[in-house]
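>>> build me a model:
(chains A and B)
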Protein chains: 2
Amino acid sequence: MPTKPTGLRVYLAGPEVFLLNAEEVARAKIAACAAHGFVGISPSDNDIDISGYAKHEAALRIAAANEEMIRRCDLVIANLTPFRGPSADVGTAYEIGFARSLARPVFAYTNLAGTLLERMRETPGGVNERASGRWEDRERMAIEDFDGFDNLMLIGALEGGAPVQVRDVSHDQRFSDLRGFEACLILAARRFGFDKRP
Amino acid sequence: MPTKPTGLRVYLAGPEVFLLNAEEVARAKIAACAAHGFVGISPSDNDIDISGYAKHEAALRIAAANEEMIRRCDLVIANLTPFRGPSADVGTAYEIGFARSLARPVFAYTNLAGTLLERMRETPGGVNERASGRWEDRERMAIEDFDGFDNLMLIGALEGGAPVQVRDVSHDQRFSDLRGFEACLILAARRFGFDKRP
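Got it, this is the predicted structure:
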């Protein structure tokens, strides 16, 4: 039996908007939201028309529409699975920062287990230890060592210091697997007081 | 002759905090701010004590201190030079999103010229064209094609649609060269009405 609708709106942040089947994944997320009593709002559902606009202007219009969608949501669930490198998608990082200072609770999942430092160890060139004991990458840039899944600002974004929801998913499913997303919905329902616990 | 101090505070966002000489670069940025009438505030200047805290708690405390510093600033100048991949540092992206929804003007520079699509063309595996005409990377994830330096949310963050300040800097100086940063200070002085133009 699905949870009673609450009308609470969830902004669906994540790089799955770049998938070939982005629409299908967005629909699946929206269905999962509904099953947990939420209304899912996907950035791919913005209804702005960018035809006729030059590229830069089109980008500005989409960005503004996404920001407005975040303002109109009650919370954000973010897919922080590493994207094109050891860290999350920068657009998603921006969006959770935007939501956070509006006091919108942020929940997040990643479909790649391990800490940032562990991922950096596996990159070509690996890591080195500075005389200070701090780790650095092959470009001599320090690597945070807080046992965190990513940059500490993303750790700090999470509602009530809640842990990121980690599922270690096969490479080809890592932007579409929704088990971590559903775990976030459960946390969110609890946060807003309408989970099904007795 | 230096500009008269205005007391306006600039949060200095960027991955240069990970450099071995991070302190030196922070000092140089703060000096440049002063020369343009601003007070530079570096995240490395937070005075919180994390000794004795477990790693996760320490990360949360640093993140909260950085967020508080952003709240107490009047504007942000961000270093969006690509970091560990084709895009900006996720911590910096988070911070400008945080600042943006607080209505703090954001100015940004990058020390690597070219668009996101151009950088993706140079990655191993390069890019492919979808039947739709859209570009995708070797993981089949779409690449934005808005002639932008990075993800469109970062483009949309910039004050008044101002362009990112681009300087094409040698690889080993790309996180410490401050010419783009100084160009941002000039834009910011103009935005706040105390530039030296006649």
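>>> so A:R138 touches A:M120, yeah?
No - contact between A:R138 and A:M120 fails when scored by Cβ atoms under 8 Å: they sit 9.2 Å apart. To be clear about C-beta, it is placed using only N, CA and C from the backbone, and glycine gets the same treatment.
>>> taking the centroid of chain A, which residue is nearest it?
A:A78 (2.1 Å; Cα atoms, centre = their mean).
>>> buried residues in stretch A:55-65?
A:55, A:58-63, A:65 (16 or more other Cβ atoms under 10 Å in any protein chain shown).
>>> and that stretch with chain B, contact?
Yes - using Cβ under 8 Å from any Cβ of the partner chain, stretch A:55-65 comes into contact with chain B via A:55-56, A:58-60, A:62-64.
>>> in TSV, list those residues along with distance to B:R134.
Shown next, in TSV, are these (distance: Cβ to Cβ, whole Å):
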residue	distance to B:R134
A:K55	13
A:H56	18
A:A58	14
A:A59	15
A:L60	19
A:I62	14
A:A63	18
A:A64	22
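>>> neighbours of A:E68, how many?
12 (other Cβ atoms under 10 Å in any protein chain shown).
>>> what does A:A99 give?
So A:A99, with other Cβ under 10 Å, has 26 neighbours.
>>> shouldn't it be in contact with A:D74?
No - with contact defined as Cβ under 8 Å, A:A99 does not count as touching A:D74 (10.0 Å).
>>> output the below-cut-off pLDDT ranges for chain A.
A:1-2, A:196-198 (pLDDT under 70).
>>> for it, what's the longest helix?
Secondary structure assigned by DSSP state H gives helix A:55-71 as the longest helix of chain A.
>>> and it, how far from the chain's centre?
18 Å (Cα atoms, centre = their mean, to the nearest Å).
>>> what's the helix or strand that it is followed by in contact with?
Proceeding N to C from helix A:55-71, the next assigned helix or strand is strand A:75-79, under DSSP states H and E. Under the criterion Cβ atoms under 8 Å, 6 or more residues apart in numbering or on different chains, residues A:8-16, A:70, A:88-89, A:92, A:95-96, A:99, A:104-111, A:159, A:175, A:180-181, A:184-185, A:188, A:191-192 lie in contact with strand A:75-79.
>>> A:E136 and A:A142 touch, don't they?
Yes - when contacts are counted by Cβ under 8 Å, A:E136 is listed as touching A:A142 (5.2 Å).
>>> any shared contact partners between the two?
With Cβ under 8 Å, 6+ apart, A:E136 and A:A142 have common neighbours A:130, B:18, B:20.
>>> okay, the second one and B:A131: tell me how far apart.
Same thing as B:F18. B:F18 sits 41 Å away from B:A131, going by Cβ to Cβ, to the nearest Å.
>>> of these two, give the one with the bigger neighbour count.
Ranked by neighbour count (other Cβ under 10 Å), B:F18 and B:A131 place B:F18 first, with 21 against 6.
>>> pull the contacting residues for that one.
B:F18 neighbours (Cβ under 8 Å, 6+ apart): A:136, A:141-143, B:175.
>>> now with 10 Å?
By Cβ atoms under 10 Å, 6 or more residues apart in numbering or on different chains, the contact list for B:F18 reads A:134, A:136-137, A:139-144, B:83-84, B:89, B:91, B:175.
>>> could I get the shared contacts of A:E136 and A:A142 in TSV, plus columns for secondary structure and distance to A:L154?
Below are those laid out as TSV (DSSP: H, G, I helix; E, B strand; the rest coil; distance: Cβ to Cβ, whole Å):
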residue	secondary structure	distance to A:L154
A:R130	coil	23
B:F18	helix	15
B:L20	coil	24
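>>> just the closest of those residues to B:H36, please.
Using Cβ to Cβ, B:F18 comes nearest to B:H36 of the shared contacts of A:E136 and A:A142, at 25.0 Å.
>>> who does the residue nearest to the centre of chain A form a beta bridge with?
With DSSP bridges as the criterion, A:A78 is bridged to A:A13, A:A108.
>>> sorry, back to before: among the contacts of strand A:75-79, name the ones in helices.
Using DSSP H, the contacts of strand A:75-79 in helices are A:70, A:92, A:95-96, A:99, A:180-181, A:184-185, A:188, A:191.
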